[in-house]
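Peer 1: Could you look at this predicted model? Sequence included:
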Amino acid sequence: MSQEGQHETTRRGGVRLRGVGKTYGTGEAAVDALDGVDLDVPPGEMVVVLGPSGSGKTTLLNVIGGIEPATAGDIRVSGVELTGRAPRELVGFRREQIGFVFQFFNLVPTLTARENVEVIVELTGRGDRRAVPGLLESVGLADRMDHFPAQLSGGQQQRVSIARALATDPGLVLADEPTGALDVATGKSVLALLQEANRSGRGVLMVTHNVSVARIAHRVVHMHDGRVDAVERNESPADAASVSW
Ligand code: ADP
Ligand code: MG
């Protein structure tokens, strides 16, 4: 990669991994979930991570997002070196840089849609509480703001979680199988929201099982046995609306 390319990955939303390993457990029980991963992602790209179950996709997202420490190698996100950081520092990093979207939404069941987003604005001290209704409107939930998660469909819950992820103005959104629990039509509308977030300038790193979803990516990362097997570039990503699975 060129000097310029290397420099790019240190800008807000950029990702640079060198020799990253993550071993769970010790001795006979040790599992190398990540095993020497090198990866460069310039800021502002839509990246799709593909790979069989157990290949390390979730672990990759978790070490990039500072949810879990890597056990080897160097990780730099938005120019911030994560290696060797104390858990408290990683919390600060996550709040400033990362938005998370999970397969099963991870909303607080006792809070309304609006409150689920507001609580993150309050906790992180980022974003504007007054902007929350507009954000929920932009993900199509204008008339569902005061509903609790149990009163919302899966697709609506995932929209709340996307609003929550965007509320802190992250440079990078990490989405782990965000359509995995949704039917195709609903999943496509969720993909469209992530694509919109990307088109407005945020990096998105999304894990999926659906090979066809990779068509919307600028870059496709193939994982196998804890390693990045191949990275493909896609010069003309498709619209989320045109994808099916
Ligand atoms: P994927 O998301 O691609 O299915 P994961 O990153 O979840 O893969 O897991 C990669 C490997 O690490 C698997 O072998 C899995 O069993 C193992 N693993 C993941 N999390 C843990 C954990 N907390 N403790 C022990 N092993 C784990
Ligand atoms: Mg996974």
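Peer 2: Received, thanks. Numbers count the residues shown, from 1 in each chain. Ligands and ions are numbered 1, 2, ... in the order given.
Peer 1: Would you check how far apart residue 105 and ligand 2 are?
Peer 2: Going from residue 105 to ligand 2 by Cβ to the ion, to the nearest Å gives 15 Å. C-beta: built from backbone N, CA, C; applies to glycine.
Peer 1: Quick check: closest non-adjacent residue to that residue.
Peer 2: Of all residues not flanking residue 105 in the chain, residue 157 sits nearest, at 4.3 Å (Cβ to Cβ, 6 or more residues apart in numbering).
Peer 1: which stretches of this protein have low pLDDT?
Peer 2: 1-6 (pLDDT under 70).
Peer 1: from what I can see the residue nearest to residue 105 touches residue 150, true?
Peer 2: No - using Cβ atoms under 8 Å, residue 157 makes no contact with residue 150, being 9.1 Å away.
Peer 1: Can you list the neighbours in contact with the biggest helix by length in the chain?
Peer 2: Longest helix of the chain, by residue count under DSSP state H: helix 184-199. If you take Cβ atoms under 8 Å, 6 or more residues apart in numbering as the criterion, helix 184-199 is touched by 44-46, 101, 139-140, 153-155, 158-159, 162, 166, 173, 175, 178-179, 182, 204, 206, 213, 216, 239-241, 243-245.
Peer 1: for residue 145, what are its contacts?
Peer 2: Residues near residue 145 by Cβ under 8 Å, 6+ apart: 112, 113, 114, 133, 136.
Peer 1: how close does it get to ligand 2?
Peer 2: 31 Å.
Peer 1: On the three-state scheme, that residue is what?
Peer 2: coil (DSSP: H, G, I helix; E, B strand; the rest coil).
Peer 1: The closest residue to it other than its chain neighbours - how many residues pack around it?
Peer 2: Nearest non-adjacent residue to residue 145, counting by Cβ to Cβ, 6+ apart: residue 114, 4.3 Å away. Neighbour count for residue 114, taken as other Cβ atoms under 10 Å: 20.
Peer 1: what ranges do the helices span in the protein?
Peer 2: 3-8, 57-64, 87-97, 113-124, 132-138, 154-166, 184-199.
Peer 1: Determine which of those approaches ligand 2 most closely.
Peer 2: Nearest of those to ligand 2, taken as Cβ to the ion: helix 57-64 at 3.2 Å.
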